[in-house]
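# sequence first, predicted model second:
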Amino acid sequence: MDAAVVLALRNVTKAFSGLKVVTDVSFDVREGQRTALIGPNGAGKTTVFNLISGAYSADRGAILLQGTDIAAKRPGERTVMGLARSFQNIRLMPHLSVVENVMVGQHARTRGMMDLLTPLWLKRNRAWRDEAESQLRAFGLGTYPNEVTANLPYGIRKKIEVVRALMSHPKVLLLDEPAAGLNTRETGDLKDFLMGVAEHGVTLLIVEHDMSLVRSLCEHTIVLNFGLKIYDGPTASVQEDPAVLEAYLGPRHNAA
Amino acid sequence: MILVLQQVINGVMLGAVYVTVALAFNLTIGILNFLNFTIPPLFMLTAMVAWASAQYGLPFGLSSPLNWAAALGDGIAVAIAASLVVERMTFRYMKARYGDATEHAIPLVSSLGFLLIIENLVRMAYGTEPHRFTTPFTNMNLRFGGLIVSIPQLFSLVLALAIVFGLSRLLKYTRIGRALRSIAENPDASLLMGVDVGRIVPVVFVLSGLLCGVAGAIFAINYGQVYAGMGNEVGNKAIAGMVLGGLGSIWGAIVGGVIVGVVETLSIHLFGGDTVQAIVWGLLLVALIVRPQGIFGHHAIGKGKL
Amino acid sequence: MSGYLDGMAVILALNVILAYAVFLPVATGQLNLGGAAFQAVGAYAAAYISTQYGAPLPVILAVSASVSGLIAFVLALSILRTKGVYLVLATFAFAQFVSGVIINVDALGGALGMTVPEHVGGGPIIVIAGVVLVGVMLLMQTRFGLAMRATHDDDTVAELMGIGVRRTRVAAFTLGGVLAGIAGGLYAFYFNFVEVQTFDSLSSIYLLLFVLLGGTQTVWGPLIGAAFFTIVPELFRYVVANMGGASAGQLDTSWRFIILGIITVVMMVARPEGVVTRTGLGRLLGNRRAAPREA
């Protein structure tokens, strides 16, 4: 039996100044699954991400997170409801330390004024920091919790961003081109890291250009082209699909 | 009625000063997204240097006292030179670091530093009291019925119109103008399209220095009096005009500047001189709250990180 | 001489409170060019209440702090829809507007200023400054403080993380208004006289600059900035006076501003993040393991 659908798009459409970037896109993301969202440049992948995370609002359609339509919610509310994301170009807070960045990720779980207005070193708040530090350690990032993130190497910052996103205890984690800017060894490293994340019970939806990462990480793939969904099925058979081949390699290839 | 009309005329003339200063503001904010607080001090510097050169001649005994026109030319030249110094120290050395909220304010903060330096150097050198600046036509007036228009007023108006006209032509029809506008639209894209941003930025500062200078000259000719506080008291009101009209728009600067000028002379006439500050700045506050993009502005400018 | 030192300690204490008044909004990424105006509101509120009604000093102080806090709140709420340069302009306009209004209100003495009957000594002011210092430090160690700094660094991501960016900014701006109001009230009680020229736009600029130059990444920056720019000009005044050179007050005020201006310009080129930065502080305290650097 299939796992429950945790995130679903229903006929989502978005246009920028009259130009349709995403047209009637619908798909399901199933719980515990690792799903890739791929497509040629300009296919609308990042737009779909921004629509899901709330950076843009959809012109039409529904975005269902565990059955609730979140299309009208603010980005922060979506995070509280169980959605988290990373960014294509890492967006850590440059002046905060590693552990502080991760603790910012906990914000969605705070409740009430006492959580906000009591010093974090008080006994009642120790658990926050402990959780952040142990999470960093669990992903092999425990070496420099107090370093300002601006000083750290790219690959490490990338992972810290993912750990931060995990701190809101998301159901679904959106990763926007996690392998961009990484070399082969770092990409392999990242794959293991993301496997570990998935094992924590987080559903992954990934925009990615690096097909080797997609193949080794994701069991399910959705392909967009010119804002339309052209494939939605197992990753294994995506490269045999005629529509996908045409989108990537042009019609001539398909005819031949 | 005729009195009110007279105040409107005077307001338009005062507005010419604001328009010119507001255009200087607009250039740096529209093209470089830089709120340049050295503009009011440069306006003041022009007038004070002009006065000093008419009084004492060039420094180090290079010349005897200059005649009024040469003195104004000297003032404008000094303003342009000072504007270039500001460019050197604010833009040349600015490196993008983290892109956080206050980083983009670095040039703004630098310009506040220059404001303190220029204002206070002038105060130390020439004192805070007003000085007379006379031209051959200082006391000449034309009468139209009951209305008085002074020759200096007319002269200033022509000067302001000429500079505004010249600037808009420059922006519209020259290569430099096109480059400037493309940077305003999208700095990254214009870099790609071969616009040499590094060489264009100084042009912006020369132009804004020139505008400050002309505004200082207009003020000196028109009011026959210059003083160290005029940057703060007069130059800053151009900010109100600029915002009222809309950041980054030439027409905005013109309309906003004239509105502020007329509002000022009318409120002096109706409520007394002490009320001007509260009225003009209150007007700006309301404008910022109700319609921050101004009359002609599009909201995008200056809205980015600062 | 001891009186002189006392006076300096009080000015330092007031400047420290003001520095934190400006620091709080800046820590969330908002430049406040109206610091002195909020101080003026507090000072005039205190002066007016104590001449018209009279009340225990703590009550007057609380009321003046509330008045300037309330005004800050309303301003922040109405202006924070826009950000960046518009906020700078709005605080600047606000500062000009406040002095423009005070000059026109006879009940506030207009341009002549106002005598304040009540007096408060240096001791309580220094104590209050200490309380403010500790209070701000504690605040910055809370999750709200973390949210402020996150908002400063990247408001889009902060919003995504569930931080109410607008609420955080309004709260920080309001709290800054309250602190400036306290500084204003104390100023009025200590000097027993307020006049609008004390709180002009140059003072606001001065205030913002010394906070920025001290550094706004940590709570220590504003303290260092306030201390440096209170003590150095005084030393300078002392030296100039002893050289027998300058007599006029204008001269040393001007020098003070010129020195600050030069330091500002140089600092923005060399070290725009201020004297005290997080990395620098960490290195100084030596409590970090070496981290790998970007190649």
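Structure received. These numbers come from a predicted model, not from an experiment. Numbers count the residues shown, from 1 in each chain, chains lettered A, B, ... in the order given.

# is it true that residue B:241 touches residue B:18?
Yes: counting by C-beta atoms under 8 Å, residue B:18 is a contact partner of residue B:241 at 4.5 Å. All C-beta spots, glycine's among them, are computed from the backbone N, C-alpha and C.

# now the common contact residues for the two.
Shared contacts of residue B:241 and residue B:18, defined by C-beta atoms under 8 Å, 6 or more residues apart in numbering or on different chains, comprise B:256-258, B:260-261.

# farthest pair in these?
Maximum pairwise distance among the shared contacts of residue B:241 and residue B:18 (C-beta to C-beta): 9.7 Å, between B:256 and B:261.

# look up how far chain A lies from residue B:270.
Distance from residue B:270 to chain A, counting by C-beta to the nearest C-beta, to the nearest Å: 47 Å.

# thought residue A:51 was touching residue A:60?
No: using C-beta under 8 Å, residue A:51 makes no contact with residue A:60, being 10.8 Å away.

# can you pick out the residue with more neighbours from those two?
residue A:51 (24 against 14; other C-beta atoms under 10 Å in any protein chain shown).

# which residues in chain B form strands?
With strands called from DSSP state E, chain B shows them at B:131-132, B:141-144, B:147-150, B:225-226.

# right, is the first one up against chain C?
The one in question is strand B:131-132. No: legend: contact between strand B:131-132 and chain C by C-beta under 8 Å from any C-beta of the partner chain is lacking; minimum distance shown is 16.0 Å.

# could you export the strands of chain B as JSON lines, including distance to chain A?
Listed next are these as JSON lines, based on distance: least, C-beta to the nearest C-beta, whole Å:
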{"stretch": "strand B:131-132", "distance to chain A": "48"}
{"stretch": "strand B:141-144", "distance to chain A": "51"}
{"stretch": "strand B:147-150", "distance to chain A": "49"}
{"stretch": "strand B:225-226", "distance to chain A": "45"}
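
# make CSV from those strands and add mean neighbour count, mean pLDDT and distance to residue B:165 to it.
Formatted as CSV, the strands of chain B follow (neighbours: other C-beta atoms under 10 Å in any protein chain shown; pLDDT from 0 to 100; distance: least, C-beta to C-beta, whole Å):
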stretch, mean neighbour count, mean pLDDT, distance to residue B:165
strand B:131-132, 15, 89, 31
strand B:141-144, 10, 80, 23
strand B:147-150, 16, 82, 21
strand B:225-226, 19, 90, 26
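
# right, and those - which one's nearest residue C:199?
Across these, closest to residue C:199 is strand B:225-226 (C-beta to C-beta), at 26.0 Å.

# list the neighbouring strands of the closest one plus their orientation.
strand B:131-132 (antiparallel) (DSSP bridges).

# helix or strand: which one has the closest residue to residue C:126 other than its chain neighbours?
Nearest non-adjacent residue to residue C:126, counting by C-beta to C-beta, 6 or more residues apart in numbering or on different chains: residue C:13, 4.7 Å away. Using DSSP states H and E, residue C:13 sits in helix C:2-27.

# mind checking how far that helix is from the chain centre?
How far helix C:2-27 lies from its chain's middle: 8 Å, per C-alpha atoms, centre = their mean, to the nearest Å.

# list the buried residues for that helix?
Of all the residues in helix C:2-27, those buried under the rule 16 or more other C-beta atoms under 10 Å in any protein chain shown are C:9-27.

# my guess is residue A:49 contacts residue A:175. True?
No: taking contacts as C-beta under 8 Å, residue A:49 lies outside contact range of residue A:175: 9.0 Å.

# shared neighbours of these two, which are they?
Residues touching both residue A:49 and residue A:175 (C-beta under 8 Å, 6+ apart) are A:85, A:207.

# which residues in the stretch 1-150 of chain C form strands?
Using DSSP state E, counting those that start in this stretch, the strands assigned to the stretch 1-150 of chain C run over residues C:114-115.

# ok and the residue in chain A nearest chain B?
Proximity of chain A to chain B (C-beta to the nearest C-beta) peaks at residue A:94, 3.7 Å away.

# so who does residue 191 touch?
I went with chain A, as the question did not name one. Going by C-beta under 8 Å, 6+ apart, residue A:191 touches A:213, A:216-217.

# that was the other one, I meant chain C.
Shown in contact with residue C:191 (C-beta under 8 Å, 6+ apart): residue C:116.

# now do residue B:183
Residue B:183 makes contact with B:31-32, B:190, B:195, B:197, B:200 under the criterion C-beta under 8 Å, 6+ apart.

# neighbour count: residue B:256 and residue B:261, which is higher?
Counted by other C-beta under 10 Å, residue B:256 and residue B:261 do not tie: residue B:256 has more neighbours, with 32 against 25.

# neighbours of the closest residue to that one other than its chain neighbours, how many?
Leaving aside its sequence neighbours, residue B:256 sits nearest to residue B:245 (C-beta to C-beta, 6+ apart; 2.7 Å). For residue B:245, the neighbour count with other C-beta under 10 Å is 29.

# residue B:245 and residue B:295 touch, don't they?
Yes: the pair formed by residue B:245 and residue B:295 meets the contact definition of C-beta under 8 Å, at 5.4 Å.

# quick one, helices of chain A?
Taking DSSP state H as the test, the helices found in chain A are A:45-53, A:75-81, A:98-104, A:112-117, A:126-138, A:154-166, A:184-199, A:211-217, A:242-249, A:251-255.

# OK, contacts around residue C:177?
Contacts here follow C-beta under 8 Å, 6+ apart; on that basis residue C:177 touches C:21, C:38, C:68-73, C:75-76.

# switch to 10 Å and redo it
Counting by C-beta atoms under 10 Å, 6 or more residues apart in numbering or on different chains, residue C:177 touches C:21, C:24-25, C:32, C:34-35, C:37-39, C:41-42, C:65-76.

# so which of these belong to helices?
Of the contacts of residue C:177, the ones assigned to helices by DSSP H are C:21, C:24-25, C:35, C:37-39, C:41-42, C:65-76.

# remind me which residues of the stretch 1-150 of chain A are low pLDDT?
Counting by pLDDT under 70, the stretch 1-150 of chain A contains low-confidence residues at A:1-2.

# likewise the stretch 51-200 of chain C?
Using pLDDT under 70, the stretch 51-200 of chain C drops low at C:80-83.

# please, which helix or strand holds residue C:216?
Residue C:216 belongs to no helix or strand, assigned by DSSP H and E.

# give the burial count for it, as a bare number.
Neighbours of residue C:216 using other C-beta under 10 Å come to 27.

# from residue C:158, how far off is the closest residue to it other than its chain neighbours?
Spatial nearest neighbour of residue C:216, excluding adjacent residues (C-beta to C-beta, 6+ apart): residue C:26 at 4.8 Å. Residue C:26 sits 16 Å away from residue C:158, going by C-beta to C-beta, to the nearest Å.

# OK, contacts around the closest residue to residue B:146 other than its chain neighbours?
Closest residue in space to residue B:146, ignoring its immediate chain neighbours: residue B:2 at 4.4 Å, by C-beta to C-beta, 6+ apart. Counting by C-beta under 10 Å, 6+ apart, residue B:2 touches B:145-147.

# just residue B:159 next, same as before
B:16, B:20, B:72, B:214-215, B:217-218, B:221-222.

# what pLDDT does residue 190 get?
You didn't say which chain, so I picked chain A. Reported pLDDT at residue A:190 in the predicted model: 87.

# wait, chain B was what I had in mind.
According to the predicted model, the pLDDT of residue B:190 comes to 69.

# include distance to residue B:249 when you put the strands of chain B into JSON lines, please.
Below are those laid out as JSON lines (distance: least, C-beta to C-beta, whole Å):
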{"stretch": "strand B:131-132", "distance to residue B:249": "35"}
{"stretch": "strand B:141-144", "distance to residue B:249": "32"}
{"stretch": "strand B:147-150", "distance to residue B:249": "29"}
{"stretch": "strand B:225-226", "distance to residue B:249": "30"}
